[in-house]
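Participant: the following block contains a protein sequence and its predicted model.
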Amino acid sequence: MPLTAQEKSTGEPTSASSDLAKQTLGQQGFVVLKAVLAAVCVAAMRETFTGDLQNHYASNPQTLAKQQPHGCFQPPLTMPSLDPQIIANPVVFQLFEQLLRQGFFGCLPYGCNTTLPGSQEQNVHRNH
């Protein structure tokens with residue numbers, strides 16, 4: 001779902017966007033907000049996560065092999081992992097409040113689950 005430049009700059013979704021998000025969530029079960037983050041932010045996160053993931057398994061590659069290889073780690077509680085545009089994006093939070101009502105719950109620290117080349121399919125499961 002695209003957002004307007006004004007929605008991104010003000011942090012406030014329009015009623016049309018809110019309605020579309022609600023409709024999409026009801027029909028699809030999820031909503032994708034296109035380009036809600038600046039490309040530079042996404043690039044910084046990708047670089048950081050890739051390096052952190054590689055470092056996490058550098059001394060223990062057999063663990064990654066056992067995970068078929070689905071990598072996971074908890075990002076450090078530093079920038080860019082704690083960028084407010086990622087963990088408290090105003091547009092996203094307003095849509096959460098409108099779709100899930102006030103009182104929705106999120107928590108930190110969050111984890112990163114990465115499907116690497118050669119990964120096998122996973123059964124549906126809950127992460128803890």
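Facilitator: Nice, I can see it.

Participant: doesn't residue 113 lie inside a helix?
Facilitator: No - in this structure, residue 113 is strand, not part of a helix, as judged by DSSP: H, G, I helix; E, B strand; the rest coil.

Participant: which SS class is the residue lying closest to it once chain neighbours are set aside?
Facilitator: Setting aside the residues directly before and after it, residue 113 is nearest to residue 72 in space (Cβ to Cβ, 6 or more residues apart in numbering), at 4.7 Å. Using the backbone N, CA and C atoms, a C-beta is placed for each residue, glycine as well. Residue 72 falls in the strand class when you classify it by three-state DSSP.

Participant: look up how far residue 105 lies from residue 72.
Facilitator: In this structure, residue 72 lies at 22 Å from residue 105, with Cβ to Cβ, to the nearest Å as the measure.

Participant: pull the distance from the longest helix along the chain to the chain's centre.
Facilitator: For the chain, the helix reaching the highest residue count under DSSP state H is reported as helix 39-58. The gap between the average C-alpha position of helix 39-58 and the chain average comes to 13 Å, counting by Cα atoms, centre = their mean, to the nearest Å.

Participant: now do the next helix or strand along the chain from it, average pLDDT.
Facilitator: Following the chain from helix 39-58 toward its C-terminal end, the next helix or strand by DSSP states H and E is helix 61-66. In this model, helix 61-66 has an average pLDDT of 78.

Participant: repeat that for stretch 3-10.
Facilitator: Per-residue pLDDT values across stretch 3-10 average out to 90.

Participant: what of stretch 75-87?
Facilitator: 83.

Participant: and that stretch, how far out from the chain middle?
Facilitator: The mean C-alpha position of stretch 75-87 is separated from the chain mean by 11 Å, Cα atoms, centre = their mean.

Participant: that one: which residues count as buried?
Facilitator: Under the neighbour-count criterion of 16 or more other Cβ atoms under 10 Å, stretch 75-87 has 75, 80, 81, 85, 86 buried.
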